[in-house]
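Trainee: Let's see this in three dimensions:
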Amino acid sequence: MRKYLFLIFGILPLMVNAGTLVCDNSKVELLAYHGNSKFMLKLESMDSPVFFCNPGSVWQVPGTSYKTSPETCKMLYSTFLAAKMSGTPINRIHFDGDDVPSECNNWGSWKSANIRYFRF
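Mentor: Numbers count the residues shown, from 1 in each chain. Below is the predicted model:
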């Protein structure tokens, strides 16, 4: 019985780390490139930019099985650039991963996420 309790209480915390967050109706405030081929995005509703993909390799962050291909990364960047230039808000965006906070304005610095879905 102890072995099963250890398994349940030892594994359960590992399974609850990943976060999912939906941010609605927010304009793109910042697009950035950071060394080692990472793009960053900050919406008006966010307190800090978040790393969201790599245009040179498959992007995956801890806490989610979703992956972003280099081609999809380039498409995301282009779409976010168009949204920024036009001033049109991103209607809805879903972030996944261990670094994802519970609220859009609570990211903190140097966090990474996978973008699972967005609507522009």
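Trainee: who's in contact with residue 43?
Mentor: In this structure, residue 43 makes contact with 23, 26-29, 90, 93, 104, judged by Cβ atoms under 8 Å, 6 or more residues apart in numbering. Bear in mind the C-beta positions are built from the backbone N, C-alpha and C, glycine included.
Trainee: next one: residue 63
Mentor: For residue 63, counting by Cβ under 8 Å, 6+ apart, the contacting residues are 17-19, 96-100.
Trainee: Identify, from those, the entry nearest to residue 71.
Mentor: Proximity to residue 71 was ranked across the contacts of residue 63 by Cβ to Cβ; first place goes to residue 96, at 19.4 Å.
Trainee: Just checking: what are the partner strands of the helix or strand harbouring the closest one?
Mentor: Remark: residue 96 resides in strand 90-97, with elements defined by DSSP states H and E. Taking DSSP bridges as the criterion, strand 90-97 sits next to strand 19-26 (antiparallel), strand 114-119 (antiparallel) in its sheet.
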